[in-house]
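# sequence first, predicted coordinates after that:
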Amino acid sequence: MNIIVKPAQPEDFELLLALNEGALPHVNRIDAAELAELFGQSFSCNLAIVDGEVAGFMLALLQDASYQSPNYRWFTARYPEFVYVDRIVIAPKFSRLGLGAHLYRQLERSAVGQAPLLACEVNLRPANPASLAFHKSIGFAEVGQQETDGGAKLVSLMVKALP
C-alpha cells in the first residue's frame, strides 16, 4: 500500500464535500461556500491518497481564524495558541489502515513551532466510539464537554500537547 499525504487544492472541493457527506453525523455538514471559507482560513488541509485514490482528508485551523463553530470558539476562549482539527474524514473502505494516524503525524510535524497543542472534538452524542478510542490512543485527553445543536450533540473537547 502506497500512502501519500499532500495539500488539497480548490479543484478537490467536490471530492472533499462527498467524503464529508459520507461521514455524517460524525462531522458537521458543510456546503461548497463553507468549505471554501474554511479552506481559505486553514492552517492545513491535506489529502490522504492510497494507491492513487483519495482516501480521506484533514482540515485544521490556527487559533486566529474567524470561524464561528461553537467548538472552535470553546478552544479560543481557553487557549491562546493551538491548531484545531476541524474535521478528519477517512472513506469507509479505507478505515483501519492507519490513515488517520498518518494525517495526524503530518499535521504534528507542520504544527511544531506554530502552537503548543492540537485541539479537536469527538461526538459523544451521537456516539462515535471508534473516533474517541482513536484520539485517546494517539495522545489526546478530554479537557471538557459541550452540548451543541440545541442539545442534539454532546462533544468531548480534547487536546494533545506537541513536543
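In hand now; what should we look at? Numbering: from 1, shown residues only.
# for I30, the count of nearby residues, please.
Look at I30: counted by other CB atoms under 10 Å, it has 18 neighbours. (Glycine included, C-beta is placed from N, CA and C.)
# strands of this structure, start to end?
Using DSSP state E, the strands found in the chain span residues 3-7, 44-50, 53-62, 83-90, 117-125, 141-148, 153-161.
# for these, which one sits closest to I30?
The closest of the strands of the chain to I30 is strand 83-90. By CB to CB, the value is 8.3 Å.
# please state the offset of that closest one from the chain centre?
For strand 83-90, the separation from the chain centroid amounts to 1 Å (computed by CA atoms, centre = their mean, to the nearest Å).
# could you say what helices and strands that strand packs with?
helix 13-22, strand 53-62, helix 70-78, helix 99-111, strand 117-125 (3 or more CB pairs under 8 Å, 6 or more residues apart in numbering; DSSP states H and E).
# buried ones in the last one?
Using 16 or more other CB atoms under 10 Å as the burial criterion, the residues of strand 117-125 that qualify are 117-124.
# do the same with the longest one
Residues 99-100, 102-104, 106-108, 111 are the ones in helix 99-111 that count as buried (16+ other CB under 10 Å).
# now stretch 79-87
Under the neighbour-count criterion of 16+ other CB under 10 Å, stretch 79-87 has 79, 82-87 buried.
# dump that stretch to PDB, restricted to CA.
Only the C-alpha atoms of stretch 79-87 are listed here, as PDB (Å, rounded to 0.1, in the frame of the first residue of the first chain):
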ATOM      1  CA  TYR A  79      -6.200  28.600  24.900                       C
ATOM      2  CA  PRO A  80      -4.200  31.400  23.400                       C
ATOM      3  CA  GLU A  81      -2.400  29.200  20.800                       C
ATOM      4  CA  PHE A  82      -3.500  25.900  19.200                       C
ATOM      5  CA  VAL A  83      -4.100  24.000  16.000                       C
ATOM      6  CA  TYR A  84      -7.700  23.000  15.800                       C
ATOM      7  CA  VAL A  85      -8.600  19.900  13.800                       C
ATOM      8  CA  ASP A  86     -12.000  20.900  12.400                       C
ATOM      9  CA  ARG A  87     -12.500  17.600  10.600                       C
END
